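Chemist: just the structure for this:
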Amino acid sequence: MATTVQSRFQRARSLLPEGIPLPKGMWERRHKVVLVILWAHFAWIAIWGQLLPLGFAHAAAEALAVATLAGMAMAVRQRSELASLFATAGLITSSGILVHFSGGLIEMHFHFFVMVALVTLYQRWLPFLFAIGFVLLHHGIVGAIDPDSVYNHAAAIENPWKWATIHAAFIAAISLVGLASWKFNEQSRKQAEDYYRQLYEGEKGLAQRLAEADRLKEELIGIVSHELRTPISVVVGFTRTILHRRALLDENETTDMIQRIHKQGKRLEALVNNLLDHSKALQSSPDAKCSVEEVLHDVRVHAEETFEQLPPITWVLERNLHMAMSHESMVLVMTNLVGNAAKFAPSGTPVDVSARSMTDQWAFVEVTNRVSQPIPQDQLDRLFDPFFQGDSSLTRTAGGVGLGLHIVRRIVETHGGEVSVACTDDSITVGLRLPRASSIEPQHVGDGTQSSKV
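Modeler: Residues are numbered from 1 along each chain as shown. Next up is the predicted model:
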């Protein structure tokens with residue numbers, strides 16, 4: 001029962017305004033409007049009072065009451081709740097005085113409704129409660145003491161408290177209309193604030209992305225210009241020598257120069273392919289499937305063709321293991337991982353490659369190479385960032401534009417996998433958690449692994 005009552009109360013409360021204060025600038029503008037109207041009422045009451053046979057003191061006292069409330073509303077304007085209450089008191093008091101001056105004219109009672117509507121500008125609870133209470137008490141007490149100054153019909157004069165309650169009920173009704181307007185205004189403000197917050201966050205995010213794009217562009221220009229300068233210089237230099245001194249060169253010298261040109265051409269080709277791989281739209285297919293054995297065979301062939309001095313590589317892989325990605329994507333991932341490990345491994349140290357199943361849905365691939373010294377954590381955290389290189393100086397020994405590991409992460413994450421990296425004092429391991437594809441005929445030989453060295 002208590003829960004039902006509480007839920008009903010909460011539903012009823014949700015229909016009312018939350019009472020969110022107006023922004024300071026907005027409240028001040030509205031308060032100025034109310035003060036202008038309040039001082040206009042002071043002038044109206046002061047002039048009208050002198051035209052009535054009330055006597056100067058009586059008329060002046062009525063006008064002074066309104067002026068005092070208006071002055072207080074101005075004096076405490078830094079405290080918006082109190083200033084709103086004083087201004088509301090001045091407006092409602094003006095209504096009571098005007099009803100009194102008119103001899104209880106029914107039409108003048110409508111002035112209360114106009115003032116309550118005006119009070120809605122403040123979006124405060126106290127002004128509404130004050131207006132209702134003022135009408136009830138004013139019409140009841142003054143109606144009982146001097147009914148002719150509040151009512152001009154016999155029924156109200158004979159029963160002032162009954163009609164005071166009726167008038168207060170009507171004021172409460174118009175207050176509900178004001179509360180509804182206040183509620184809609186709050187909703188509109190919240191929607192506008194949400195819109196502008198989203199717009200601001202979007203603009204902020206766009207600015208950050210543009211700044212990041214500019215940074216990456218500068219890094220790309222610097223790295224690519226360095227990577228292109230050496231092979232182009234070699235190609236141009238040797239071709240110029242062959243063109244202008246061909247007659248002076250023996251066959252061995254010419255062959256050596258052509259081989260060097262070919263090597264630099266392959267280097268340029270690898271650079272361009274790396275950039276193109278980065279720009280590809282990497283999309284996964286639900287039907288994609290590849291054999292890890294076939295992938296690593298192609299990777300092994302590529303490594304042998306690419307490196308003049310390939311470090312010893314140990315391959316440990318589970319038989320009949322299939323990944324849920326295309327053969328080309330998996331080759332690209334493993335080529336970059338193995339190539340990166342072979343490039344940065346100290347001379348003569350081995351590279352370990354392993355692939356094994358974790359569960360029916362997942363497999364794990366690891367590539368480990370030795371390091372001459374531990375990689376700092378700040379560099380380890382950025383290994384997969386585009387264009388990042390641990391040694392970005394122009395004198396570094398390893399080439400490339402720093403896209404290999406970034407391409408690996410993009411492909412793996414596009415296919416729903418995860419990339420991790422761990423470093424010890426003497427080695428670094430990149431691990432891939434990849435989705436498995438079901439094999440056609442699951443077979444395991446021996447312990448389920450095969451091992452070989454290149």
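Chemist: low-confidence ranges, the stretch 301-450 of the chain, go.
Modeler: Along the stretch 301-450 of the chain, the parts satisfying pLDDT under 70 run over 382, 385-403, 439-450.
Chemist: and the strands in the stretch 351-454 of the chain?
Modeler: According to DSSP state E, counting those that start in this stretch, the stretch 351-454 of the chain carries its strands in the segments 351-357, 362-370, 418-423, 427-435, 449-453.
Chemist: rounded mean pLDDT for the host helix or strand of His262, please.
Modeler: Assessed by DSSP states H and E, His262 sits inside helix 251-279. Across helix 251-279, the average pLDDT comes to 76.
Chemist: same question for stretch 134-151.
Modeler: 74.
Chemist: what distance separates the start and the end of it?
Modeler: End-to-end distance of stretch 134-151: 16 Å, with C-alpha to C-alpha, to the nearest Å as the criterion.
Chemist: quick one: which helix or strand includes the most centrally placed residue in the chain?
Modeler: Closest residue to the average C-alpha location of the chain: Glu201 at 5.6 Å, with C-alpha atoms, centre = their mean. Element membership for Glu201 (DSSP H and E) is helix 160-245.
Chemist: just how off-centre is that helix within its chain?
Modeler: When distances are taken as C-alpha atoms, centre = their mean, to the nearest Å, helix 160-245 is centred 8 Å away from the chain's centroid.
Chemist: show me what the following helix or strand past the helix holding His262 is packed against.
Modeler: Going down the chain from helix 251-279, the next helix or strand is strand 290-291, by DSSP H and E. Strand 290-291 makes packing contacts with strand 322-323, helix 327-344 when contacts are defined by 3 or more C-beta pairs under 8 Å, 6 or more residues apart in numbering; DSSP states H and E. C-beta: built from backbone N, CA, C; applies to glycine.
Chemist: direction included, what does strand 290-291 pair up with?
Modeler: Sheet pairing here is set by DSSP bridges, and for strand 290-291 it gives strand 322-323 (antiparallel).
Chemist: residues touching the partner strand, excluding its own?
Modeler: 289-292, 295, 330, 363, 434-439 (C-beta atoms under 8 Å, 6 or more residues apart in numbering).
Chemist: still on that earlier bit, which elements pack onto the helix holding Glu201?
Modeler: Judged by 3+ C-beta pairs under 8 Å, 6+ apart, helix 160-245 is in contact with helix 106-119, helix 125-137, helix 143-145, helix 154-158, helix 251-279.
Chemist: what angle sits between the longest one and helix 327-344?
Modeler: It refers to helix 251-279. Between helix 251-279 and helix 327-344, the angle comes out at 120 degrees (axes from the mean of the first three to the mean of the last three C-alpha atoms, to 10 degrees).
Chemist: check the offset of the stretch of helix or strand Ala40 belongs to from the chain's centre.
Modeler: Counting by DSSP H and E, the element that carries Ala40 is helix 24-51. Helix 24-51 sits 45 Å away from the centroid of its parent chain (C-alpha atoms, centre = their mean).
Chemist: next SSE downstream of that helix?
Modeler: With DSSP H and E, the next secondary element past helix 24-51 is helix 56-75.
Chemist: if you count neighbours, what's buried in that following helix?
Modeler: 59-60, 62-63, 65-67, 69-74 (16 or more other C-beta atoms under 10 Å).
Chemist: just put the residues you listed in a markdown table and tack on distance to Arg246 and pLDDT.
Modeler: Putting those into a markdown table (distance: C-beta to C-beta, whole Å; pLDDT from 0 to 100) gives the following:
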| residue | distance to Arg246 | pLDDT |
| --- | --- | --- |
| Ala59 | 120 | 85 |
| Ala60 | 119 | 90 |
| Glu62 | 117 | 89 |
| Ala63 | 114 | 91 |
| Ala65 | 113 | 92 |
| Val66 | 109 | 92 |
| Ala67 | 109 | 94 |
| Leu69 | 107 | 92 |
| Ala70 | 104 | 92 |
| Gly71 | 105 | 93 |
| Met72 | 104 | 93 |
| Ala73 | 100 | 92 |
| Met74 | 99 | 93 |
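Chemist: looking at these, which one is closest to Ser357?
Modeler: In terms of C-beta to C-beta, no member of these lies closer to Ser357 than Ala73, at 78.1 Å.
Chemist: is it true that the closest one touches Ala83?
Modeler: Yes: when contacts are counted by C-beta atoms under 8 Å, Ala73 is listed as touching Ala83 (5.1 Å).
Chemist: need the residues touching each of those two.
Modeler: With C-beta under 8 Å, 6+ apart as the test, Ala73 and Ala83 both reach His31.
Chemist: now Asp426. Its backbone dihedrals?
Modeler: Main-chain dihedrals, Asp426, degrees, to the nearest 10: phi -130, psi 0.
Chemist: can you get me a residue count around the residue lying closest to it once chain neighbours are set aside?
Modeler: Once flanking residues are discounted, Asp426 sits nearest to Arg370: 5.8 Å by C-beta to C-beta, 6 or more residues apart in numbering. Neighbourhood size, Arg370 [other C-beta atoms under 10 Å]: 18.
Chemist: now Arg370, which residues is it bridged with?
Modeler: Going by DSSP bridges, Arg370 forms beta bridges with Ser427.
Chemist: contact partners for it?
Modeler: Here Arg370 is in contact with 345-346, 349-350, 426-427 (C-beta under 8 Å, 6+ apart).
Chemist: any chance of the residues you listed in JSON lines, with distance to Thr306 and neighbour count too?
Modeler: What follows is those, written out as JSON lines (distance: C-beta to C-beta, whole Å; neighbours: other C-beta atoms under 10 Å):
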{"residue": "Ala345", "distance to Thr306": "14", "neighbour count": "21"}
{"residue": "Pro346", "distance to Thr306": "18", "neighbour count": "12"}
{"residue": "Thr349", "distance to Thr306": "18", "neighbour count": "15"}
{"residue": "Pro350", "distance to Thr306": "17", "neighbour count": "16"}
{"residue": "Asp426", "distance to Thr306": "25", "neighbour count": "12"}
{"residue": "Ser427", "distance to Thr306": "22", "neighbour count": "16"}
